[in-house]
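**Student:** 3D, please:
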Amino acid sequence: MASYENFLRLDIRVGKVLEEEPFPDARKPAYKLKIDFGSLGGKRSSSQIRDLYRPEELGENSWQW
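**Tutor:** Numbering: from 1, shown residues only. All right, here's what the predicted structure looks like:
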């Protein structure tokens, strides 16, 4: 189990999904994402959450990364 001191070193951010698209080349069903972190800029990533969320649900919420 991680110690409290190790937890304090984590860099957890909240971002808004701007774009999402299927990622058919992934080993497991995934989305390619473009994420906006406000003043910190943007990031491209992928996430294996296709079984949990529809594409239209991703842009409606803020997410932690």
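**Student:** for this structure, what spans make up the helices?
**Tutor:** Using DSSP state H, the helices assigned to the chain run over residues 4-8, 55-58.
**Student:** Now mean neighbour count too, for the ones you listed, in JSON lines please.
**Tutor:** All C-beta spots, glycine's among them, are computed from the backbone N, C-alpha and C. JSON lines is the format used below for the helices of the chain (neighbours: other C-beta atoms under 10 Å):
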{"stretch": "helix 4-8", "mean neighbour count": "8"}
{"stretch": "helix 55-58", "mean neighbour count": "13"}
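**Student:** of all the ones you listed, which lies closest to residue 15?
**Tutor:** Across these, residue 15 has its closest neighbour in helix 55-58 (11.0 Å, C-beta to C-beta).
**Student:** Give me the helices and strands touching that closest one, please.
**Tutor:** Counting contacts by 3 or more C-beta pairs under 8 Å, 6 or more residues apart in numbering; DSSP states H and E, helix 55-58 packs against strand 14-22, strand 31-36.
**Student:** 6 Å instead, please
**Tutor:** Of the remaining helices and strands, those touching helix 55-58 by 3 or more C-beta pairs under 6 Å, 6 or more residues apart in numbering; DSSP states H and E are strand 14-22.
**Student:** hang on, residue 42 packs against residue 18?
**Tutor:** No. Checked against C-beta atoms under 6 Å, the pair residue 42 and residue 18 is beyond contact range at 7.3 Å.
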